[in-house]
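**Student:** Build me a model:
(2 chains)
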Amino acid sequence: MADLLRDLPAYRVLLGSRLASQTAYRTSFALDLLGQLGLALLELSEIYVVFHNVDALGGLAFGPALLVFALANVSWSIADTVVGHLDTLPSYIRTGTLDAMLLRPLPALAQLVTSDLSLRRLARTAMGVVVLVVALPIAIDDWTPAKVVLLVITPVTGAAIFAALFVGAAGAQFWLVDGGEMTNAFTYGSSYVSSYPTSVLHSVARVFFTFVVPAAFVSYLPTLVLTDQAGPPGLPAWLGWFTPVMAALAWAAALLWWRFGLRHYTGAGG
Amino acid sequence: MRAFLVLVRAGFTRYAAYRTASVAGALTNTVFGVVKASITIAAIAAAGGAIAGYDAQQGATYSWLCQSLVATVGLFGWRELADRIRTGDIAVDLARPLDLQLSGLASDLGRGAYMLLPRGLPPLLVGFAFFGVALPREPLPYLLAALSIPMAVAISYACRFAVNLTAFWLMDVRGTLTLYVVASNVLSGLIVPVAWFPGWMSTIAHATPFPSMLQVPVDVLSGRVHGWAAVELLVVQAAWLAATLLLGRVVLARATRKLVVQGG
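**Tutor:** Prediction:
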């Protein structure tokens, strides 16, 4: 910890230079931000078109469904900003960058996490917050202190769950040589799953994305609590209170898996 | 013509080399297919059995055919050409005695042909096993699809080619490519069938080549649109193919006039 505090100014300079480098090409950066907003609008357009045709999806009316989408989007974009670049680990392995990191007296994971902070991804967080602010009054009728607490912890723990998935996916890269995309099914896939009521899923997929990959805990289950709904068979609403527990479990599993993978790693050769 | 076929083959073998990548891609397409088909079926059920003429089975068939064709059509962006422009390698490509646009088209058709089985079949099998996917029992839809799918790949390629060329003017095309992927994913019908769109969105979609990249081949292959109506869709596709190829050539002509080769 003392080491970390001593190194803190150095980290600040490092992050500052990375942010400056990202804004150097102004037109590109603006287009990049626009692209990120476009990605958020892409996901939103699916909800829009579906609710243009129906009044409820998976038992949720428009307001609660929008709340599920917004909570998932905010959580995902936070996790993506902070650790999303972990999915470039295969190229770090190929180019030998990882080998250099392993020689330094800091944990490789900490170095990787601070190696690239994507400013452009914050555009999506902003978009998610806007949708959240719109969704809240439509979705929630009566507020209680407990609901406020849940609303505050949900995006944080949701982001922690997604971040754990990224770390777990990175740990798998030590085995997958040109199959890096395999983990996208779990990272990007669970982001997609969590944007929708988990109740729409086929029963096998529903169990998988609740108890194996905890995507349902990111937004659907907390939304059931926030909007006073009972939940479908097998997915009681009170599970929504267990998001922090699932986040802790996910992190424990991800870190174990990362260390296991790193021990398996024998270098890029050369 | 012979050179074209050789390049098609080369495109095919190039992608056939990455087997694990194909498995990985098929897994991702399948997981997204489960979610998309689930949403489609749930929406159709909530609407009382049908939306815009799609019943539950047609909705599921639509979602799964989209998932099995998406890799072939190449809707997830492609920046190889933009990278060659950025690094200057494009000068070498332009000096070759081959047409830049058509040689790229040949290898992209080869890529698409390879993707059909390893990335197309697994999602379809999962669809058959768990969600009521139904394919037509007469030969005509398959014959028409055999024309429609390659045309869809070619239209998609022609557009990606034109978008990549913006690298001549922009240092970093990441934003442009992301915007292109967004537009193509929504307007091609990958996210939700174009027929479900509210009026204004469907007008916009039909003013672009995007529905011809996915909605059309899926409708033709599933037999949802058949007979002369299907032939009409193929004519629309052919027109978009000519228009998008022409667009690429015009942009390329303007870009090469601007090109300054650095170094000796």
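**Student:** what's the single longest helix in chain B?
**Tutor:** Criterion DSSP state H: the longest helix present in chain B is helix B:228-258.
**Student:** Now do that helix: which elements does it pack against?
**Tutor:** With contacts taken as 3 or more Cβ pairs under 8 Å, 6 or more residues apart in numbering or on different chains; DSSP states H and E, helix B:228-258 sits against helix B:100-116, helix B:140-164, helix B:215-222. C-betas here are computed from N, CA, C, even on glycine.
**Student:** what's the most buried one of those helices?
**Tutor:** Counting by mean count of other Cβ atoms under 10 Å in any protein chain shown, helix B:215-222 has the highest mean neighbour count of those, with a mean of 26.
**Student:** give the contact list for the most centrally placed residue in chain B.
**Tutor:** Chain B has residue B:73 as the residue nearest its centroid, 2.6 Å off, counting by Cα atoms, centre = their mean. Residue B:73 is in contact with B:112, B:149, B:152-153, B:156, B:188, B:213-214, B:217, counting by Cβ atoms under 8 Å, 6 or more residues apart in numbering or on different chains.
**Student:** And the strands in the stretch 1-150 of chain A?
**Tutor:** For the stretch 1-150 of chain A, the strands defined by DSSP state E, counting those that start in this stretch occupy A:56-57, A:60-61.
**Student:** and these, which is most packed in?
**Tutor:** By mean count of other Cβ under 10 Å, the strands of the stretch 1-150 of chain A have strand A:56-57 as the most buried, with a mean of 21.
**Student:** what lines up beside that one in the sheet?
**Tutor:** If you go by DSSP bridges, strand A:56-57 pairs up with strand A:60-61 (antiparallel).
**Student:** quick one, phi/psi of residue B:189?
**Tutor:** phi 90, psi 10 (degrees, to the nearest 10).
**Student:** For residue B:230, see how far away it is.
**Tutor:** Between residue B:189 and residue B:230 the distance is 16 Å, computed by Cβ to Cβ, to the nearest Å.
**Student:** follow-up on the earlier one: can I get the strands of the stretch 1-150 of chain A in a markdown table with mean pLDDT?
**Tutor:** Output for the strands of the stretch 1-150 of chain A, formatted as a markdown table (pLDDT from 0 to 100):
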| stretch | mean pLDDT |
| --- | --- |
| strand A:56-57 | 95 |
| strand A:60-61 | 96 |
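**Student:** Including distance to residue A:161, could the ones you listed go into JSON lines?
**Tutor:** What follows is the strands of the stretch 1-150 of chain A, written out as JSON lines (distance: least, Cβ to Cβ, whole Å):
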{"stretch": "strand A:56-57", "distance to residue A:161": "23"}
{"stretch": "strand A:60-61", "distance to residue A:161": "20"}
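**Student:** Can you list the low-confidence ranges for chain B?
**Tutor:** Scanning chain B for pLDDT under 70 picks out the ranges B:259-264.
**Student:** ok, 50 please
**Tutor:** B:264 (pLDDT under 50).
**Student:** for residue B:182, what are its contacts?
**Tutor:** Residue B:182 makes contact with A:35, A:38-39, A:41-42, according to Cβ under 8 Å, 6+ apart.
**Student:** again with residue A:68
**Tutor:** Neighbours of residue A:68 in contact, by Cβ under 8 Å, 6+ apart: A:60, A:194-197, A:219-220, A:223.
**Student:** 10 Å instead, please
**Tutor:** A:47, A:57-58, A:60, A:135, A:139, A:194-198, A:216, A:218-224, A:226-227 (Cβ atoms under 10 Å, 6 or more residues apart in numbering or on different chains).
**Student:** From chain B, how far off is it?
**Tutor:** To chain B, residue A:68 is 12 Å away according to Cβ to the nearest Cβ, to the nearest Å.
**Student:** And residue A:82, by the same measure?
**Tutor:** Separation of residue A:82 from chain B (Cβ to the nearest Cβ): 20 Å.
**Student:** Just the pLDDT for that residue.
**Tutor:** Note on residue A:82: pLDDT of 87.
**Student:** what number of residues lie near it?
**Tutor:** 18 (other Cβ atoms under 10 Å in any protein chain shown).
**Student:** do residue B:246 as well
**Tutor:** Residue B:246 has 12 nearby residues by other Cβ under 10 Å.
**Student:** residues from the stretch 151-264 of chain B in reach of chain A?
**Tutor:** B:166, B:169-187, B:190-194, B:196-199, B:201-202 (Cβ under 10 Å from any Cβ of the partner chain).
**Student:** Right, I'll leave it there.
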